[in-house]
Structures are given as C-alpha cells and as structure tokens.
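Visitor: Sequence first, then the predicted structure:
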Amino acid sequence: MHHDLPHPGPWLAADLADRLGSPKAAERLVRTGVLVRIRHGSYYLAGAWKSLPPEDQHVAVLSAHYDNASRRREVGFDYSHLSAARLHGIHLWNPDPHVHLTMPRSPGSRGRASDVRVHSAILGEDDRSSIRGLPATSLARTLVDCARILRRGQAQILMDHGVRLGADPARVTELLAGAQGKRGVRIARAAWDMASGLCESPGESLLRYVLSRMPFESPAQQVEVPTRLGKYRLDFAWVRIKVGLEFDGDVKYFAYGPAADVLLRERKRERALIEEGWILLRVEWKDLFDEVALRRRIGSALTAAGL
C-alpha cells in the first residue's frame, strides 16, 4: 500500500500525521496525487477513490464524519434522509452530496462543517438502526424523511425501491400520518400510495410516474408473453391490445454478458414478440424528459392497436 498505509481510507489528518511523522503529510500527498480530500480533514487513496461507485464514496464520507465526531464525543445523532438512504442501498436519482443527520435538538450552525445538514427530531427505537457500524434511521423512517425533501419523480424512485427492500407498509403509513400537515408530506404520501415493488430500476419507476400523468389506461407491469422462443417479460404492457413498453437502460444490455451477444438476443426477442402481434415501444432516459413527444408516441401506438 502507498506510503505504508494499510488500507485505502478514509484517513483522518491526525492519523496520517501520526503515521507519516508530519502534520503536513496529508496535504503533501494530495498535491502529489496520492490522496484525495473527501471532506474537511479526511482523505482517501486517490486510485481507490476513483474506483468506488458514487454511493460507496458517500458511505466513506459518512465513515470519516463519524470517526471525527466520535473523537470529539459528538455522536448523539443518527444518519438520516439521503445519507441513510445510501446506507440502506436505496435507489436515488440526483441526490444532494450532503451528510444528513438527525438529532433531538439542532445546534446552531456555528462551527458546523459546510457539508453537514442537521435535522431536528426525537427518534424512537423503532426508527433507528445500525448499518455498516453507523447509526442510521430505519428503512421506513428513511423513506418518509427522504420523500418529504425530494421532487415527485425522485420520491417515486425511492418509494418503489423501498417496497422491494421490504419496508414495513404499516410503519410507513403510520409515519406519513404522523407527518400530516408538515412540509413535503403530500409528495411523500402520493409516492407511497403509488409505490410498486415491480419496478426493477430507477428508470422504470420514473417511467411509471410519467405514465401516470398521461391520459391513458394504466399498463400492467412485468408481463410474461409466450413466443416461439419461450416466455419473455415486458416492463409494461397493455395486454388486451398487445402493446408493450420497455425501458432501455445500459444495465439491461451490458450487465449480463458481452454487448454483442446481449444485443443479438434482444433483437431475436423483439422479432419473436412482433410475430405474436405485439407492438413494442422502447423508452430511454432522455425520453422521460420530453413528455409531450413520449405521450405522442404512446398515443399513436395505442391508437394503431385499437385502444
């Protein structure tokens, strides 16, 4: 390991100074590209940091924050909101980069790190958990807290994945009822009322939300269609008139084998569906942000199929 560091990080500046024998060691290694500063007073080996997915980078930042807070004996809090969501592994779309924490009483902002957002609330034992050795809000509490500070589409992605992760429906409903009249609760309740564990990706969740805003009959989800090549599953389908809607994300094509092989299988699958009389529409991320054009495409397909 570089410079006798036994693990990539996170490292606090004080630890690096003790280990490397210089109070300026951390900054010197940052200048030479060996380390990156991940938050004030915390560092990580540069090469290892670049290889971490964004969610794991945030967890490393939380670990650094907790190490520093523990040394200062300032640990009367639980990570919450978007930070807790990352610890739970919940799908997020365009989350903010801040460290979110909840404590019984919010201290003044004086002396607070610029990347920390403090929320004030008294948490019961049912609303607390421990993940990766860090104190965090429970899955149900995290879903409600997050949805109240997110935009509608972001909240839908979060809630759909929360259902898939096994959030307790009764507890989520109870927390939403307790938040009646508070900021953001209408968005949170709307996302929860529409939540579906059948969405397998953030793109599918956002597409489903966009579809709910359109003047069409709601399609079924995860529909199995028999063909001469076997059964295929469609993300969304108007079964009676044989119109299917697929969300095309890179993961669907490239996560399970060489790109050429996967694309060939997908073309064969599409031909088999067409032979059975299906009309198949494909939607990409960019299509979700041109709702007028997408509504026109879907409307044309449904009309052609006789809806």
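Guide: The structure has been received and is ready for your questions.

Visitor: what about the closest residue to S212 other than its chain neighbours, distance to G277?
Guide: Leaving aside its chain neighbours, S212 sits nearest to M194 (6.6 Å; criterion: C-beta to C-beta, 6 or more residues apart in numbering). C-beta: built from backbone N, CA, C; applies to glycine. The spacing between M194 and G277, counted by C-beta to C-beta, to the nearest Å, is 30 Å.

Visitor: who has more neighbours, these two?
Guide: Taking other C-beta atoms under 10 Å, M194 and G277 do not tie; M194 has more neighbours (16 against 9).

Visitor: List the contacts of the more buried one.
Guide: Residues counted as contacts of M194 (C-beta atoms under 8 Å, 6 or more residues apart in numbering) are Q156, M159, R208, Y209, S212.

Visitor: Which residues does the one helix or strand the third one maps to contact?
Guide: It refers to R208. If you go by DSSP states H and E, R208 is part of helix 202-212. Contacts to helix 202-212, defined as C-beta under 8 Å, 6+ apart, come from residues 91-93, 152-153, 156-157, 160-161, 194, 196, 199, 218-219, 221, 235-236, 245, 247, 249, 283, 285, 288, 291, 294, 298.

Visitor: Just those residues: which are in strands?
Guide: Q221, D235, F236, L245, F247, V283 (DSSP state E).

Visitor: The residues you listed, buried ones only, as a ChimeraX selection?
Guide: If you want just the buried ones from the ones in strands among the contacts of helix 202-212 in ChimeraX, going by 16 or more other C-beta atoms under 10 Å, the selection is:
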select :221,235,236,245,247,283
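
Visitor: Surely D67 and A14 touch.
Guide: No - using C-beta atoms under 8 Å as the test, D67 is too far from A14 to be in contact (10.0 Å).

Visitor: Give me the pLDDT value at V262.
Guide: As predicted, V262 sits at a pLDDT of 63.

Visitor: again with E204
Guide: For E204, the model assigns a pLDDT of 96.

Visitor: Over to S109?
Guide: Reported pLDDT for S109: 60.

Visitor: Equivalent analysis for V251, please.
Guide: 47.

Visitor: coming back round to it: from the contacts of M194, pick the one nearest G181.
Guide: G181 lies nearest to M159 out of those, by C-beta to C-beta, at 20.1 Å.

Visitor: surely that closest one meets A190?
Guide: No - with contact defined as C-beta under 8 Å, M159 does not count as touching A190 (9.3 Å).

Visitor: These two: who's more crowded?
Guide: The residue with more neighbours, out of M159 and A190, is M159; 30 against 17, by other C-beta under 10 Å.

Visitor: Now for that one: which residues touch it?
Guide: L143, A147, A191, W192, M194, A195.
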